[in-house]
Every structure is written in C-alpha cells, then in structure tokens.
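>>> Build me a structure from this.
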Amino acid sequence: MSEKYTLGIDLGGTNIKAVLLDGQCKTLEECSDSTRDHEGNQPWKQGVKDLFHSFQEKTGGKIDKIGISAPGLASEDNSFIAHLPNKLEGIEEFHWSEFLGKETKVLNDAHAALMAESQMGSGKGYDSIILLTLGTGVGGGVIYEGKLLQGNKGRAGHFGHISVSNNRVRSIVGTPGTLENAIGETTVKERSYGRYQSTKDLVEAYRAGDTFATLIWLRSLQQLTRGIVSLINAFSPDIVIIGGGITKAGDALFDPLNDFMDVYEWRPGGFKTPIVRAELGDYSGAVGAGVFAMKGAG
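Model (predicted):
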C-alpha cells in the first residue's frame, strides 16, 4: 500500500502555515504564506487552496486528510468554525471539505497547539494535560485521560475568559476580571497606565529593577497563578504547559510564577504539578491540526 500523507494548516490573522505529515505524524515539509486578511475579499481562502494544491502536486496526489487550525469555536463535528466575531470575515460556517474537495477537519487554534504538544512536545507521555497560550490574548485547552475536551459549543479550554480578579472590565465574552485582561499583550498599556507599550518593554523594565514595572508584572503573574491553581483544582492534570509569545520572558516569567505556585497550589501527598514551557514553535497549530485530522480527539 502506497504512503498517504496528511496536510496540517494553521490559519491565523497574519500568516497561513502548512506542514506535511507522514503516517507517524513526522513533519516532512513546512511552509507559510501571508493571510492578507486586510485586503478584503477573503484571499486566505484561495491561499489555503493554493497550499493544498501545491502539496498535492509534490506528493503525487497522495494527501489523504487535511486538518485546519483557526481561531474561534469549531462546530460539533469539527467541519467548520461555527463562531468567530470580528476576525477573518467569511470563515464562520465555511465548509472547507466542500471548498477543497477533500475531507477536512477544523479545530480551534489553541486546541490544535495542545494536540501537537501532547504528541511530540512537552506533553508527550502524559494522559491529562492543561495548556495555556499567552500572547495577544490567552487561549488554552485540556486533554483529560488522553482525550481532547472541546465541550458544548467548543468552548472548553477558553481559559483567557476565566475570572481571576475583581476588575470590573469585561472581556469580549462579557466576563469581568479575566485572565486575558490580566496578562494578555493587548492590555499592557492599560495595565501600566500608559508607561509600557508591550510585554517586552514591561519585562525589560522589570529586569532592570524598575519598581513600578515590578509591581505591574508581578501583579499580572499573581493573577496568572490564581488561574492556574484553579484549573489544577478543577482538572487535576499531570502537567501544565505554557506557550505563546509571552513565554519569551523566560525566567522572568517562570521564576516568579513558581514562587507564587509554592504559596497557592494545593499539593496533596506533596505532588507538585509541573509547569513547563511548550517545546514546539510557530508550526504547532498546523502540526496539531494534522494530528487531529489523522487521529481525532483521542
């Protein structure tokens, strides 16, 4: 029987990333193209199709399955994005299988990153995993006893919208005092009263010993810790993985976070839940989408 391949695609607001996987989920090739969402007329649809046709030609038509990772809530049968306001206009209820002429599974982008980490990253070998992605916003996902939890309406794992403070500011879904508002990139200027424009600026000032930066950064990490210990108490995972651009802060993130965890985490029997950095890079969403298309939720 000839080799069959799976194509994983991560459709983001800036770039479309694609990976070709073999039957053992090994990445054979990867490439990317601009999403060009700002141009209007939804050019990213044709961009995805062009990538598919390119890989079909390279493999002699041997792509068997396609997985697409995208922001938003996936439909119950993972055939399309059911809900995504204010981004990628036209993606809601767009049926990729019909458009591409090949069976295509669609998955939330953070869920896809978790699938990749569970198979070949920091979560490999663990049955119950929590992932948090810290970037422009905050996303996440849960694998429980080997199975990806998507939940009713695909909302499971949207940890950016859990409430971690008494801040009255409401998130895009209406939740006050959210984790996303506490540490997401988009609120740095607001949190720092206009003094810092990005997490990078804030962390550099913290490293330099700036008192005000220290207050703002550690307050954000304290709220992140509240969120993590709440998730640990709810799911009792084997491991917590943290990914996303904010993890570039390195020890400035993980050292204070572990200090707060030592104070806040409930540790029956002395078990300390490992908090680790995601291993996979920019193509994790594409890889995870491909793995999901190949293997399903677990």
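>>> would you list every one of the strands in the chain?
Along the chain, the stretches classed as strands by DSSP state E are 5-11, 15-21, 27-34, 63-70, 73-74, 81-83, 104-108, 129-134, 138-144, 147-149, 239-243, 275-277.
>>> comparing these, which gets the lowest mean pLDDT score?
Of all the strands of the chain, strand 27-34 carries the lowest average pLDDT, namely a mean of 90.
>>> Tell me which strands that strand pairs with, and in which orientation.
Counting by DSSP bridges, the strands paired with strand 27-34 are strand 15-21 (antiparallel).
>>> and the spatially closest residue to Arg36 that is not a sequence neighbour, how far is that from Glu89?
Take Arg36 and drop its neighbours on the chain: the residue closest to it by C-beta to C-beta, 6 or more residues apart in numbering is Pro43, 4.5 Å away. For the C-beta atoms, the positions are set from N, CA and C on the backbone; glycine is no exception. Here the criterion is C-beta to C-beta, to the nearest Å. By it, Pro43 lies 12 Å from Glu89.
>>> I'd like to know how many residues surround the closest residue in space to Ala74 that isn't next to it in sequence.
In space, and not counting its chain neighbours, Ala74 is closest to Gly154: 4.7 Å by C-beta to C-beta, 6+ apart. Other residues near Gly154 come to 21 when the count uses other C-beta atoms under 10 Å.
>>> ok, now which ones touch Gly154?
The contact partners of Gly154, taken as C-beta atoms under 8 Å, 6 or more residues apart in numbering, are Leu73, Ala74, Ser75, Glu76, Ala82, His83, Asn108.
>>> Dig out what the second one forms beta bridges with.
In this structure, Ala74 bridges to Ile81 when assessed by DSSP bridges.
>>> That one reaches His83, doesn't it?
No. Counting by C-beta atoms under 8 Å, Ala74 sits too far from His83 to count as a contact (9.0 Å).
>>> The two: which is more packed in?
Residue environment comparison for Ala74 versus His83 gives the larger neighbour count to Ala74, 26 against 14, counting by other C-beta under 10 Å.
>>> what does the model give the spatially closest residue to Arg195 that is not a sequence neighbour for pLDDT?
Counting by C-beta to C-beta, 6+ apart, the nearest residue to Arg195 once its immediate chain neighbours are dropped is Phe212, at 6.7 Å. Taken from the predicted model, the pLDDT recorded for Phe212 is 98.
>>> mind listing what Phe212 touches?
Ser192, Arg195, Ala205.
>>> how deep is the second one tucked in, by neighbour count?
When neighbours are counted by other C-beta under 10 Å, Arg195 registers 15.
>>> now swap in the last one and tell me
Neighbour count for Ala205, taken as other C-beta under 10 Å: 19.
>>> Touching, it and Thr199? I think so.
No. With the criterion set as C-beta under 8 Å, Ala205 and Thr199 do not qualify as a contacting pair; they are 10.8 Å apart.
>>> Quickly note the distance from the nearest residue to Asp127 once chain neighbours are set aside to Met115.
In space, and not counting its chain neighbours, Asp127 is closest to Gly146: 5.0 Å by C-beta to C-beta, 6+ apart. In this structure, Gly146 and Met115 are separated by 12 Å, where distance is defined by C-beta to C-beta.
>>> So these two - more neighbours on which side?
Met115 (35 against 12).
>>> Which residue, other than its chain neighbours, is closest to the more buried one?
Sequence neighbours aside, Gly288 is the residue nearest to Met115 in space, at 3.6 Å (criterion: C-beta to C-beta, 6+ apart).
>>> Based on its surroundings, how many neighbours for the one you found?
If we define neighbours as other C-beta under 10 Å, then Gly288 has 34 of them.
>>> What residues are bridge-paired with Leu11?
Here Leu11 shows beta-bridge partners Ile16, assigned using DSSP bridges.
>>> Quick check, it in contact with Thr35.
Yes. If you go by C-beta under 8 Å, Leu11 and Thr35 touch, sitting 7.0 Å apart.
>>> Which neighbours do these two have in common?
Residues touching both Leu11 and Thr35 by C-beta under 8 Å, 6+ apart: Trp44, Leu88.
>>> Have a look at this structure and report the helix or strand with the lowest mean pLDDT.
When each helix and strand of the chain is scored by mean pLDDT, DSSP states H and E, strand 27-34 comes last, with a mean of 90.
>>> which parts of it are buried?
By neighbour count, with 16 or more other C-beta atoms under 10 Å as the criterion, the buried positions of strand 27-34 are Thr27, Ser32, Asp33.
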